[in-house]
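S.K.: A structural model of the following input is requested.
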Amino acid sequence: MNYLARLLQQLGWLPLCLLGLLSSRDDRLWVFGAWLGRQYADNTRYLYRHVRDHDPDIRAVWLSHSPEVVKQVRDEGGEAALAYSLAGIRISLRARLFLVTHTSEDVNAHASVGGALVNLTHGTPLKRVGRDARSSRLGVLTPLFDRYLRHLLPGKRGPERVLVASGVGRQRMTSAYGLPTERVPVLGYPRWAAFHTDTASLLRREGIEPRHYKGIVLYAPTLRQQGRGGLDVAQGDRLEALLPWLEQEQLILLVRGHVDLTMTGVEGLAGRTSRVVQASSDRFPDVNELMPEVDVLITDYSSLMFDYACFKRPIILMAPDLDDYLHRDVGIYGDYFEDAPGPVISDWSQVPAAWLEIAEGQHDQRLARFTARHAAMNDGRECERVTTYLREHYQDHHK
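M.R.: The predicted structure is shown next:
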């Protein structure tokens, strides 16, 4: 569903908001959703599983706009419903707490009005988000919409709390949502639980044997122009020219783009060589489950770099369109070069030199500083901390 269609749908359901405001709420009914209701993924997925399996006094329900997602959750033994089905509306009118990765559109944006909306986020942002981002979703009408009309839509209301993984995340989310710092607690990310996956077995099921390679490199570019832009992954013939080096170093390159990024140039190349493999979301639904076997991450403006910092392994930033991203896309937080955890390059031809710099230890201090800033809360207790925090603030004595 495109952006304009989602806005029109929100207008059609507005009367439901009144019922939401008048409904009494159950402190022990928690609703979860993710990625505009399209996925069973990310921080809310792992927290949902934790609550479902370890907190029997809490009724945890997953809401989605996708029948396939509802079936997936039910097949796991969980409770799920379509957000705007009769069951989904009833649940939304009763629940106290709504936990999302993006906005209230992850769940039922209308019946959840009157409940508490808490954003677990979809990672520490490098790309500007919320009110900090430059938006062009509605063309020339975007400034008018952002200033006036967006405040009329329940799907655009801000969360009352945002949970983050680091002091850097707190600073950025405080700015993005206009919240006081005490409403942006630093607790770590539930999705880090994915790091305990048996990734080697996961890869083998997809025909990739990790023992056949000296190293696995993950290339993970993020979206452009808020999902409307594409990326030439092959960069003409540059990626193909890198194949002899990959062969020499006995490396495999996994390519995994953002779910809303249109990538070109990689499919044909992957069909001609075993050194380049498409690690699409169809094959590997959760990119974090790949990370335990990844030796080097190559990305651009993705929040994955902050998650991967938990492994204290090398990160290369490859930004072929940095000027466009800085000045004509949503923009980024901080200084791209100063904050980088490793070498910053512009195309595939520079990867061997960056690799050598890493091997020589030229970026060790950068990486150590980056890890300390972004991964200090990685101790395996993230879900427990988040659940405890939510209980303290939303059970029996709602604040």
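S.K.: only C-alpha atoms from now on, for both contacts and neighbour counts.
M.R.: Noted.
S.K.: can you pull up the most central residue in this protein?
M.R.: The structure's the chain has its C-alpha centroid closest to His122; by CA atoms, centre = their mean the separation is 3.2 Å.
S.K.: and that one, how far from Val184?
M.R.: The gap separating His122 from Val184 is 14 Å, by CA to CA, to the nearest Å.
S.K.: confirm that the residue nearest to the centre of the chain sits in a strand.
M.R.: No: His122 is assigned coil when assessed by DSSP: H, G, I helix; E, B strand; the rest coil, not a strand.
S.K.: can you get me a residue count around the spatially closest residue to it that is not a sequence neighbour?
M.R.: In space, and not counting its chain neighbours, His122 is closest to Thr101: 5.3 Å by CA to CA, 6 or more residues apart in numbering. The number of residues packed near Thr101 is 26, by other CA atoms under 10 Å.
S.K.: helix or strand with the lowest mean pLDDT in the protein?
M.R.: Of all the helices and strands that make up the chain, helix 142-147 has the lowest average by mean pLDDT, DSSP states H and E, namely a mean of 57.
S.K.: name the next helix or strand downstream of it, please.
M.R.: strand 161-162 (DSSP states H and E).
S.K.: average pLDDT for that following strand?
M.R.: Strand 161-162 comes out with an average pLDDT of 98.
S.K.: assign His110 to helix, strand or coil.
M.R.: Under three-state DSSP, His110 falls in the coil class.
S.K.: tell me the contacts of Pro305?
M.R.: Rather than Pro, residue 305 is Met. By CA atoms under 8 Å, 6 or more residues apart in numbering, the residues touching Met305 are 297, 299, 315.
S.K.: that one sits in which helix or strand?
M.R.: Using DSSP H and E, Met305 falls in helix 304-308.
S.K.: give me the distance from whatever helix or strand comes next after that helix to the chain's centre.
M.R.: Next along the chain after helix 304-308, taking DSSP H and E as the criterion, comes strand 315-318. Strand 315-318 has its C-alpha centroid displaced from the chain centroid by 18 Å (CA atoms, centre = their mean, to the nearest Å).
S.K.: what's the first helix or strand after strand 315-318?
M.R.: With elements assigned by DSSP H and E, the helix or strand that comes after strand 315-318 is helix 322-327.
S.K.: what's downstream of that next one, the next helix or strand?
M.R.: Next in sequence after helix 322-327, counting helices and strands by DSSP H and E, comes strand 344-345.
S.K.: related to what we said a few turns ago, mind putting the contacts of Met305 into a markdown table with pLDDT and neighbour count?
M.R.: Rendered in a markdown table, the data for those read as follows (pLDDT from 0 to 100; neighbours: other CA atoms under 10 Å):
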| residue | pLDDT | neighbour count |
| --- | --- | --- |
| Leu297 | 98 | 23 |
| Thr299 | 97 | 22 |
| Ile315 | 98 | 27 |
